[in-house]
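> What follows is a predicted protein model with its sequence.
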Amino acid sequence: MKLAKTYFADERNDDFSEIGQPLPRTDLRGHVTGRTVYFADRTFPGMLYLKMVRSPHHHARILSIDTSEAEKHPGVVRILTAKDVPQNLYTILILIQVGPEDEHVLAEDKVRWKGEAVVAVLAETERAAQEAAAKVKVEYEVLEPVLSIEDALKPDAPIVNEHHGRNYYLYDSGECRKIRFGDVEEGFAAADHILEETYQSSPIEHAPVETTGCIVVPEANGRFTCYTNTQAMFFTLDNASIILQMPGHRLHMVGGTVGGGFGGKVDVIVEPIAILAAKLTGRPVSFIYTREEEMQISSPRAAEKIVMKDGVMRDGRIVARKVTAYVDAGAYSRHSPYGAQKAAAHFPGPYTIPNVWIDSYCVYTNRTPSSAMRGFGVTIADFALEVQMDKLARLIGMDPLEFRFINAYRDGDMKAHRQPTEGAALIECMQEASIVADWPVDERFMAMSSRVREG
């Protein structure tokens, strides 16, 4: 029997041949020539158009829904309400045990944010669907909304989402994701200086060129093909299967081409109701956000509030950090509990701090549900902690880059969430940055290494 030869890296000319080479993206030519096919470029005979009736209120009880006038509108084929959805309660991250289910595909008893979907209208044309949606009559009892983190956490605050029974997500560690490392109070007692600052951010919209949407086509074999611009194909497949109580092999998701997403297209929002509509009508269905919906309805980056307290020595060593962070999830969980958890792990930054105390809360308000956006849970945390680093350096009269050299992770340092540092390279990155930026630092910092901590 002939054995295959084992090659070593230096024996093969093609090993690592692509590293460091300016190779073009495989989809580049299609994009610049206009030949790339996006989901909305497709059209099918007999296609219906889906438009939503949305809540005009931040918080209200639904008393009645009257679709009789809308049903008479020319071109209307079918109208869907909550009772048509097989499993109308879900949570996107239930697949990774983030629960409980807390969001409705179509609102049932209440609406919890301005813009929440209540009724789906299917018609022969977009215009007919839009006109019919305007004829749906929903009677509301307006309730007091909770529109800020501070109001949500008041003892007498109205409950935003009864599925939680409280206005914050309950982790296995309790009312917040907690990190405890060392003894933070001892660290503050030993510190030469203490600095406490508060940082806040607002929701940020992704603003993709292509708005969120999908087109669903019922196939002769009983399957449904969903052409979608989702960024989370398997989340979409599995959640749609759960919501529709339909085996996954009957759902064929086609995607991969996204006209801008940045995290804003990971929520499973349009596909389940469009698939259901195609199933109930037996016709292709198009559900695409208008630009107004994309700006007002799609999930933004969460608003956050971060209170950061640091203890620092005169020689530049940070000896204690205490952070209380609040992530505004809006009315439903979506990806926010995960984002708040990521934030907790990240607040020490790439710095070795011997005493750390972090509480990171995921808070519910009657605002648009927030979700993923480019490093969510880390991006705003990074902003806060790096601004804090500059302030600490100024407090003790030290160059801000040299201050970071002193506190930077070295290989083998234990992180606050009890993971050892490996392959840090931060020291070397800062050394190169100081050269490129012509930012002079003392020679002793240029002699440092991420591999060992100097005496």
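Looks like it came in fine.
> Would you state the secondary structure element containing Val319?
When elements are defined using DSSP states H and E, Val319 is found to belong to strand 318-330.
> got the CA coordinates for that strand in CSV?
In CSV, the C-alpha atoms belonging to strand 318-330 read as follows (Å, rounded to 0.1, in the frame of the first residue of the first chain):
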residue,chain,number,x,y,z
ILE,A,318,-4.5,50.5,37.5
VAL,A,319,-5.2,48.5,40.6
ALA,A,320,-9.1,48.5,40.7
ARG,A,321,-11.9,48.9,38.2
LYS,A,322,-15.6,48.8,39.0
VAL,A,323,-18.2,49.1,36.2
THR,A,324,-22.0,49.2,36.2
ALA,A,325,-23.3,49.0,32.7
TYR,A,326,-26.9,49.1,31.3
VAL,A,327,-27.8,48.0,27.8
ASP,A,328,-31.2,49.2,26.6
ALA,A,329,-32.8,46.1,24.9
GLY,A,330,-36.0,47.9,23.9
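> helices or strands next to the helix or strand just after it in the packing?
Downstream of strand 318-330, the next assigned helix or strand under DSSP H and E is helix 336-346. Using 3 or more CB pairs under 8 Å, 6 or more residues apart in numbering; DSSP states H and E as the contact definition, the elements that helix 336-346 packs against are strand 177-181, strand 318-330, strand 356-364, helix 379-395. C-betas here are computed from N, CA, C, even on glycine.
> Let me know the angle separating the strand holding Val319 from helix 336-346.
170 degrees (axes from the mean of the first three to the mean of the last three CA atoms, to 10 degrees).
> wait, which of the helices and strands packed on helix 336-346 is closest to Ser370?
Between Ser370 and these, the tightest spacing by CB to CB is seen for strand 318-330, at 5.0 Å.
> can you state the direction angle for that closest one and strand 356-364?
Angle between the axes of strand 318-330 and strand 356-364 is 10 degrees (criterion: the same axes, to 10 degrees).
> List the buried residues of strand 318-330.
If you call a residue buried by 16 or more other CB atoms under 10 Å, then strand 318-330 has these buried ones: 318-330.
> Need the mean per-residue confidence for it.
Across strand 318-330, the average pLDDT comes to 98.
> OK, contacts around Ile92?
103, 235, 239, 266-268, 333-335 (CB atoms under 8 Å, 6 or more residues apart in numbering).
> Dump those residues to a markdown table, plus pLDDT.
Formatted as a markdown table, the entries for the contacts of Ile92 read as follows, by pLDDT from 0 to 100:
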| residue | pLDDT |
| --- | --- |
| Glu103 | 97 |
| Phe235 | 93 |
| Asn239 | 97 |
| Val266 | 95 |
| Asp267 | 94 |
| Val268 | 95 |
| Ser333 | 97 |
| Arg334 | 96 |
| His335 | 96 |
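> right, and out of the residues you listed, which lies closest to Pro45?
Taking CB to CB as the measure, Pro45 sits nearest to Val268 out of the contacts of Ile92, at 27.5 Å.
> still on that earlier bit, for Leu147, which of the helices and strands packed on helix 336-346 is the nearest?
Closest to Leu147 of the helices and strands packed on helix 336-346, according to CB to CB: strand 318-330, at 9.6 Å.
> just the angle between the closest one and helix 379-395, please?
Taking the same axes, to 10 degrees, one finds strand 318-330 and helix 379-395 inclined to each other by 150 degrees.
> helices and strands around strand 318-330, which ones?
When contacts are defined as 3+ CB pairs under 8 Å, 6+ apart, strand 318-330 packs onto helix 184-190, strand 304-312, helix 336-346, strand 356-364.
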